[in-house]
Structures are given as C-alpha cells and as structure tokens.
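S.K.: Got a predicted model here, sequence first, then my questions.
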Amino acid sequence: MFLGNESLQYMISIFSHCNKKQTENPDHLKNSSWNKTIKAFVNSVGSRWAISPNPDMFPSDSLVHQQRLKEIHEHIISMDGIYTTAILENVRREQEKNARIAREAEENLRKEYEELKRREGEAIAKAKFEELKAEDEKKAKEKCEEEIKNLKKQVNELSSGGCFGLETQVKLESGRIIQMSELQTGDRVLSNIRNGIAEYSDVYLIAHIGKLEHEEEFAKVSFTRPDGSKGQLRLTTTHYVFDEHLSIMFAKDLRSGETKILISDDNNKLVSIFVDDVTIELHDKYISFYTRAGSVIANGVLCSCYDQCPPSQMFMNLVFLPVRWWTYVIPSTHREERLYPYVQFLETVYLSFRNALKEANNLLRTRSRLSRSVFCK
C-alpha cells in the first residue's frame, strides 16, 4: 500500500446517496448492500463507517440527519492523532529501500552474466542472461503495474487549495463588495448565476491566508467586460477557471483571443468573453478558501475553488466532502498562513502519487533501454 498500513488507522468509510430506509437504519444498508469487498475494506479501517444523509430527504433539523452527523463526529474524535507527512515519509523510505534492493539484485545479475561469459563463452552466457533478464523484466513490470494500480486506488487523485490575490473582490449576499482579505468563515459569497438567479454559498474553510515565504507565480488574466470596461483577475497559475462550456482550465492555459471565460454582467447573467491577455507575475500575498458550492465569482469571473488537481469539478467536490461535513458539525476557525491539515494531506498525497507514476514509467523505460543496449554491443 502506497500510504502504508498505518494510514488505515486514520480513515473513515462514508456512504453517500443512500435511500431513505438505509439512512434511517444503517444496519439495513450493512445487511442488504455490503459485499465481501466492502466488508473487508470497512474492517480494514477499524469498522469506522457512517452514512452521509441526503439533505433533500432529511433536513438539517431532522433527528435522522443529526444522528448520522453525530456518528461521523464520534468517529472523528475517536481517532488517536492524524496521519502525518512524517508517516508518509517513513513509507517512502521503505519503498526506496526496496528499490535499492532491486537495483542491487540487477547488478548481481549482471555480474553473474560476466562470470558466465568468462566460463562458458559469450553465446551460452548471452542465452542464459536473456532468459534471466526476461524473467526479471516481467516481474519488474508486473510489480510496477500493481503498484500503480494500488496508488490510483489509494489516492483517487486528490488536490490542494488554490490561491487568489488578497485584493480580489467578491460579492456578499447582502450586496456588499469586499476584498478577499476581509473574508470570514460563514460569509455567503456569490458562487454562480443560473437562469438569471444569483446563487450564494457559505465559505466553510479558509485553508490558508497571509504571506508566502517566497514569491510564487501568479497569472494575471485581463479581459474586457460586455460594457467595454476592463477587468483583471490574479490567481495562481494552476488554479482552475471555468470556460464557456463550464469545463475547468488552469489559469496558465488560458489563451488570448482563443479562450472564452464566463463573466457576470449587470443583468444578473453569465456571459462568455474572450481573454485579452495572460501574464505571469511573482507575488507572495495570497488566500485559499472553499465554498460549499466549490466555486466563486471573483472580480466578476466564474472560478473554481480548486487548484493543481484532476480537471473535474464534480470529482473534487466529492474529495472535499469529508471536510464539508466536518465543518457542519465543528465549524472551522482556521485562518493562518499554515495550510489546513486536510488540504496539506491531499496536496502531499497527490504530488507523491504523480512523482511515483513518473518514477515507475522512468524505471520501465530505463530497463527496456538497458536490455537493448546490452545485446547490441
């Protein structure tokens, strides 16, 4: 397991999209819907599981809704500590040790080849080496494929919080326009406009705010509003912005005169306009926050709250479901330069996953080149 078996001590299985009967009686879900695989997984995380109630069936003031949230809360506070990057580093060191052992085994194989070449002649030694090498390559490939499969299963492509410039403006439900530096947890900000109706969403988490230790690259996106006035938006280069088709794109991938983004106008509508220019600047003041809708209209531009993650708004909303529910039970008071622990965990795991995939592919290519070069000499 990429995260190590110890990570199972810090996991909770949350079941969503349950029907009314299953939500009212969790044992009914367990007895009627769990197969061997689900049972084995729930057992592996210490039998910590709960149901996320559908608010359309059970309003927040209903007894069933409150009971299900209470069960989630009890699981959270029952866990001893949290899964830290230190634990992840221990797992990675163990994996590096195994890789070193594999390299040493390959070196021993090469020495055996040289010895065979000396004793029995090049032709016989080459034939035996090819046989051993093919077997070794097959095992290595199977191991890498299995590792990649397990990584995908464990990580499920997580993400980190995106950053806006502190001067970026948002609109509150009261109609007041404020800078993001003034945002507080619980503020309801304009997050979308559908069918001429403005939608406001709670800010449930400020992941981090303040000044970075060093300057980071920000994309300054320039555009012209329908009324002819000029506008700008400053955000990190890997922060997602919605295009005219409601797909999300990295800010750095927006193209002048090619990409259309969505802008709110005075008639309470979202209109698509071309990006005028995108320039890269260095800044060190930032804010990263999340709304329950997962989106926000910043300086008039419809943006995602997510950054440096798989390009799926729906998927990332699911990834952040646990912290959205936790903050229903225990509202967040986090407002620090230090990144919120859950977001830091997702960022560490996602980047480690990408690096592991890259290393696995490099290992396979290196072995393939090595095999060809040996026999071409």
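M.R.: Yep, it's here.

S.K.: residue boundaries of the helices in the stretch 101-250 of the chain?
M.R.: Here the stretch 101-250 of the chain has its helices, by DSSP state H, counting those that start in this stretch, at 122-155.

S.K.: can you list the weak-confidence ranges in it?
M.R.: 121-122, 125, 144-145, 147-162 (pLDDT under 70).

S.K.: how about Thr85, what does it touch?
M.R.: Gln344, Phe345, Thr348 (Cβ atoms under 8 Å, 6 or more residues apart in numbering). From N, CA and C alone the C-beta is placed, and that goes for glycine too.

S.K.: Tell me how far Met249 lies from Glu94.
M.R.: 38 Å (Cβ to Cβ, to the nearest Å).

S.K.: Neighbour count: the two, which is higher?
M.R.: Of the pair Met249 and Glu94, Met249 is the one with more neighbours under other Cβ atoms under 10 Å, namely 18 against 11.

S.K.: ok so Asp284 is a helix residue?
M.R.: No: the assignment for Asp284 (DSSP: H, G, I helix; E, B strand; the rest coil) gives strand, which keeps it out of a helix.

S.K.: which residues in the stretch 151-300 of the chain form strands?
M.R.: With strands called from DSSP state E, counting those that start in this stretch, the stretch 151-300 of the chain shows them at 160-161, 169-171, 177-179, 188-194, 197-224, 230-236, 239-242, 248-250, 260-264, 270-291, 295-298.

S.K.: Report how many residues lie close to Pro311.
M.R.: Neighbours of Pro311 (other Cβ under 10 Å): 14.

S.K.: was I right about Trp325 contacting Ile14?
M.R.: Yes: between Trp325 and Ile14 a contact is recorded at 7.5 Å, counting by Cβ atoms under 8 Å.

S.K.: ok, those two, which is more surrounded?
M.R.: Using other Cβ under 10 Å, the more surrounded residue of Trp325 and Ile14 is Trp325, with 20 against 16.

S.K.: Can you give the domain ranges for the chain?
M.R.: Taking automatic domain parsing as the reference, the chain has its domains at 5-78, 89-155+355-376, 160-339.

S.K.: quick one, which of those is packed in tightest?
M.R.: Most buried of these by mean neighbour count (mean count of other Cβ atoms under 10 Å) is domain 160-339; its value is a mean of 17.

S.K.: gap between that domain and the chain center?
M.R.: 17 Å (Cα atoms, centre = their mean, to the nearest Å).

S.K.: Just the buried residues from the contacts of Thr85, in PyMOL please.
M.R.: Restricted to buried positions by 16 or more other Cβ atoms under 10 Å, the PyMOL selection for the contacts of Thr85 reads:
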select buried, resi 344+345+348
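
S.K.: Just give me the closest of the contacts of Thr85 to Ala207.
M.R.: Gln344 (8.7 Å; Cβ to Cβ).

S.K.: shared neighbours of Trp325 and Ile14, anything?
M.R.: Ser52, Ile72.

S.K.: can you tell me how far Pro311 sits from Tyr290?
M.R.: 17 Å.

S.K.: again, but for Phe320
M.R.: 7 Å.

S.K.: try Asn268
M.R.: 24 Å.

S.K.: now do Glu104
M.R.: Counting by Cβ to Cβ, the gap from Glu104 to Tyr290 is 46 Å.

S.K.: Show me where the stretch 251-377 of the chain has its helices.
M.R.: Going by DSSP H, counting those that start in this stretch, the stretch 251-377 of the chain shows helices at 313-319, 321-329, 341-376.

S.K.: which one of those helices has the lowest average pLDDT?
M.R.: Within these, confidence is poorest for helix 341-376, with a mean of 64 (mean pLDDT).

S.K.: Figure out the length between the terminal residues of stretch 283-302.
M.R.: Using Cα to Cα, to the nearest Å, one end of stretch 283-302 lies 22 Å from the other.

S.K.: average model confidence for it?
M.R.: Average pLDDT, stretch 283-302: 95.

S.K.: about what we covered before: list just the nearest of the contacts of Thr85 to Arg48.
M.R.: Phe345 (17.0 Å).

S.K.: ok, the closest one to Cys305 distance?
M.R.: 17 Å.

S.K.: Same question for Pro341.
M.R.: Counting by Cβ to Cβ - Pro341 and Cys305 are separated by 18 Å.

S.K.: returning to what we had before: got the contacts of Thr85 as CSV, with distance to His75 columns?
M.R.: Compiled in CSV, these are given as follows (distance: Cβ to Cβ, whole Å):
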residue, distance to His75
Gln344, 21
Phe345, 17
Thr348, 23
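
S.K.: Just the CA trace of stretch 78-98, in CSV.
M.R.: What follows is stretch 78-98, C-alpha atoms only, in CSV (Å, rounded to 0.1, in the frame of the first residue of the first chain):
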residue,chain,number,x,y,z
SER,A,78,-12.3,8.6,18.5
MET,A,79,-9.2,8.5,16.3
ASP,A,80,-5.9,8.8,18.1
GLY,A,81,-3.9,11.5,16.2
ILE,A,82,-3.8,12.2,12.5
TYR,A,83,-1.9,10.7,9.5
THR,A,84,1.1,13.0,9.1
THR,A,85,3.7,13.6,6.4
ALA,A,86,6.2,12.0,8.7
ILE,A,87,4.4,8.7,8.5
LEU,A,88,4.2,9.1,4.7
GLU,A,89,8.0,9.8,4.6
ASN,A,90,8.7,6.5,6.6
VAL,A,91,6.6,4.6,4.0
ARG,A,92,8.5,6.3,1.1
ARG,A,93,11.9,5.4,2.8
GLU,A,94,10.8,1.8,2.9
GLN,A,95,9.9,1.9,-0.8
GLU,A,96,13.3,3.5,-1.6
LYS,A,97,14.9,0.7,0.3
ASN,A,98,13.1,-1.9,-1.8
